[in-house]
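Trainee: Next come a sequence and a model predicted from it.
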Amino acid sequence: MIKFIHPIYIRAFTLMELMVAIVVLLGIMVAVGRILSTTSTVASIGGARAEMSQQVIAIEQQLRQDIERISNEGFFAIHSVAVANNISGDTWLIDNARPPEAIIRCDQMIFFINGVESSTLNTGTTNYAGQGTASMLYYGHGLRFPQLIGMRDSDDDGEADVSDDPILNRNNIEGVITPWYEGTIEVETRKYPEANEERFDIVGTTYTANGTQPSPDEWVLCRQIVVLGDDDPEPPWADSKKTYMNTGVASNTIFPWDPRIPNPPPYDDEGNGPTFPQLMHGRVDLAATQLDDIRQSVLQHVESNGLPREWRLPNSLIIDQQELIGSLFRWPRVEPFPPTTNRYDQIMMMHALAEGCVSFKIEWTYDEGLGEQMDAAMNWYPGIAYADNWPQPWWGDANRVDPTDSSNLEISFETFLEYSNNAIGIADDWDLYPNKHDDEDTDISSLLINAKVIEANFGLAEGHYLAPVPRIDQLGVSEYWAIFGYNTNEPFAEDGVTLLSNNPNLSWQYTPRPSALRITLEMLDRRDRLGGAKIYQFIVYLPE
């Protein structure tokens with residue numbers, strides 16, 4: 001027999017029970033959501049840190065490899081640039097994640113390396129662009145002009161042969177284009193045809209475009225390598241210098257103004273000869289100058305009488321060695337996202353090393369004992385010595401003169417000269433040096449190494465008038481130059497006794513290279529996952 005159960009006796013969830021169940025379920029979902037969100041955030045931050053660490057490790061390894069190959073046949077120079085974070089006022093900071101009184105560093109470094117390197121740009125007829133056995137290297141920030149028109153066809157023949165390039169070779173009065181620059185910039189259209197006779201010629205008139213640089217999270221740290229290659233005996237201004245090994249595309253020179261090219265045609269409206277901005281434009285990575293050519297240009301007045309070029313003649317119309325070296329320190333163009341697929345545009349991204357580099361600082365030092373020498377008269381000169389209770393000094397750091405007053409934009413540098421003059425932490429065992437030290441006020445750290453010879457101060461109009469030293473004349477910016485020439489180990493003149501550092505007008509100065517460099521990077525995550533810049537620091541030792 002089947003038993004019938006009346007519906008009234010069937011048990012079901014009440015409305016209250018359903019509401020409680022829903023609330024509990026929502027609570028569980030919220031908790032799980034928070035766990036997943038926290039896990040995602042932690043994973044994102046961890047990924048950002050790992051990504052940035054890998055990037056910094058790659059930078060460090062690359063710089064160490066380059067320093068290991070540094071050439072003794074080239075000069076070595078550092079241009080330190082310290083910028084007040086509130087250079088445009090406390091409202092418009094360069095880096096919003098840092099206080100107004102912070103300092104942004106945009107340092108630069110140039111040196112030469114030995115070893116076979118290949119150019120990445122050719123004439124389009126082959127994949128081979130030629131090789132060189134030495135190269136010039138630039139480390140520092142680059143400039144970005146993504147709004148400029150890239151390579152295009154100017155005469156409807158199917159060949160992209162012209163491009164718009166920024167005029168970066170401006171004088172100091174007009175203003176050097178910097179990574180924090182705001183405002184307009186002049187643009188010129190240049191030819192990039194297959195025929196090297198017209199290559200790099202300026203076409204038409206210039207125009208003005210927006211030159212304001214992006215925010216620091218898009219600043220690019222560059223390693224710009226320029227292969228040195230010259231394969232013919234023609235003069236340095238010849239059109240043949242624009243091609244290397246019949247395939248590589250080259251600039252005539254590494255210098256914006258080359259003393260070996262004394263105003264050849266084509267002339268501008270004022271009768272001046274050309275400058276060579278191809279390396280600054282970032283469109284060429286090969287120059288028709290060998291190490292011997294560069295050495296000759298720096299050490300001799302090849303543009304006039306061929307006599308030795310003075311190391312330093314401040315405020316003189318004569319172009320000295322430090323001015324010629326300093327003229328190379330303009331920030332080059334780099335485009336991580338080239339405007340076209342043309343090889344002349346694509347090459348602009350090849351020297352991008354890292355994006356989001358808000359600060360790049362270079363400091364240098366000397367090891368104890370460096371500079372120890374004995375002259376021909378058997379007089380012994382001690383090397384640099386530091387007191388035991390003082391730490392290793394580093395030169396090139398910068399500080400706000402009054403960090404408590406953000407409106408005071410003045411910045412000072414820690415320099416080798418200041419250190420030497422004050423004899424801070426210098427050993428004072430004067431009895432060890434009876435030949436040369438009878439005055440306890442004598443600074444034994446600068447007996448042979450003269451800081452005044454190494455550390456340069458440039459005026460606004462120094463250098464060639466077509467390519468002056470790019471000194472930055474802007475309130476809130478401070479600069480420090482350390483330039484080391486070709487003589488790194490000989491402090492005496494030919495007689496073996498006369499000190500070269502006593503006469504800075506001489507061509508051959510004793511300027512030993514640093515023993516080590518201390519690199520400080522401040523990197524920003526492009527997706528702002530880390531909440532501000534992270535600081536990384538490492539030391540690179542130079543070969544003895």
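Mentor: Here it is on my side, so go on. Residues are numbered from 1 along each chain as shown.
Trainee: Can you check my assumption that residue 418 lies in a helix?
Mentor: Yes - judged by DSSP: H, G, I helix; E, B strand; the rest coil, residue 418 forms part of a helix.
Trainee: Spit out the contact partners of it.
Mentor: When the contact criterion is CB atoms under 8 Å, 6 or more residues apart in numbering, residue 418 has no partners at all. C-beta: built from backbone N, CA, C; applies to glycine.
Trainee: which SS state does residue 61 fall under?
Mentor: For residue 61, the assignment made with three-state DSSP gives helix.
Trainee: what about it, how many residues close to it?
Mentor: Residue 61 is flanked by 11 other residues according to other CB atoms under 10 Å.
Trainee: Can you tell me how far it is from residue 105?
Mentor: Distance, residue 61 to residue 105, using CB to CB, to the nearest Å: 21 Å.
Trainee: and if you look at residue 349?
Mentor: Distance from residue 349 to residue 105, by CB to CB: 24 Å.
Trainee: ditto for residue 359
Mentor: In this view, residue 359 and residue 105 are 5 Å apart by CB to CB.
Trainee: of the two, who's got more company?
Mentor: When residue 359 and residue 105 are compared for neighbours, residue 359 comes out ahead with 27 against 22, by other CB under 10 Å.
Trainee: Name the residues that touch the helix or strand containing the more buried one?
Mentor: Assessed by DSSP states H and E, residue 359 sits inside strand 357-365. Here strand 357-365 makes contact (CB under 8 Å, 6+ apart) with 78, 80, 94-95, 104-107, 109, 139-141, 216-217, 219-221, 392-397, 482, 514-524, 533.
Trainee: and the residues you listed, which are buried?
Mentor: Buried members of the contacts of strand 357-365, scored by 16 or more other CB atoms under 10 Å, are 78, 80, 94-95, 104-107, 109, 139-141, 216-217, 219-221, 393-397, 482, 514-524, 533.
Trainee: Any idea what the spatially most central residue of the chain is bridged to?
Mentor: Here the mean C-alpha position of the chain is nearest to the C-alpha of residue 140 (CA atoms, centre = their mean), at a distance of 2.0 Å. Counting by DSSP bridges, residue 140 is bridged to residue 108, residue 222.
Trainee: How far off centre is stretch 392-409?
Mentor: Offset of stretch 392-409 from its chain centre (CA atoms, centre = their mean, to the nearest Å): 21 Å.
Trainee: now that stretch: mean pLDDT?
Mentor: Mean per-residue pLDDT for stretch 392-409: 93.
Trainee: From residue 521, how far off is the nearest residue to residue 261 once chain neighbours are set aside?
Mentor: Excluding its sequence neighbours, the residue lying closest to residue 261 (CB to CB, 6 or more residues apart in numbering) is residue 237, at 4.5 Å. Residue 237 is 40 Å from residue 521, where distance means CB to CB.
Trainee: Ok, residue 404 next?
Mentor: 27 Å.
Trainee: Ok, residue 149 next?
Mentor: The value you get for residue 149 to residue 521, if CB to CB is used, is 33 Å.
Trainee: try residue 74
Mentor: Here the criterion is CB to CB. By it, residue 74 lies 25 Å from residue 521.
Trainee: what's the next secondary structure element after the strand holding residue 359?
Mentor: Downstream of strand 357-365, the first helix or strand assigned by DSSP H and E is strand 373-374.
Trainee: Walk me through which strands that following strand pairs with, and which way each runs.
Mentor: Strand 373-374 has these strand partners (DSSP bridges): strand 380-381 (antiparallel).
Trainee: State the mean pLDDT of stretch 57-74.
Mentor: Mean predicted lDDT for stretch 57-74 stands at 95.
Trainee: Please identify the buried residues of it?
Mentor: Buried residues in stretch 57-74, counted by 16+ other CB under 10 Å: 59, 60, 63, 66, 67, 69, 70, 71, 74.
Trainee: can you count the residues close to residue 88?
Mentor: By other CB under 10 Å, 13 other residues sit near residue 88.
Trainee: Roughly how far does the closest residue in space to residue 85 that isn't next to it in sequence sit from residue 182?
Mentor: Leaving aside its chain neighbours, residue 85 sits nearest to residue 102 (4.0 Å; criterion: CB to CB, 6+ apart). Separation of residue 102 from residue 182 (CB to CB) stands at 18 Å.
Trainee: Number of residues surrounding the residue nearest to residue 403 when sequence neighbours are not counted?
Mentor: Distances taken as CB to CB, 6+ apart put residue 101 closest to residue 403, at 5.1 Å, once the chain neighbours are dropped. By the measure other CB under 10 Å, the count of residues near residue 101 is 18.
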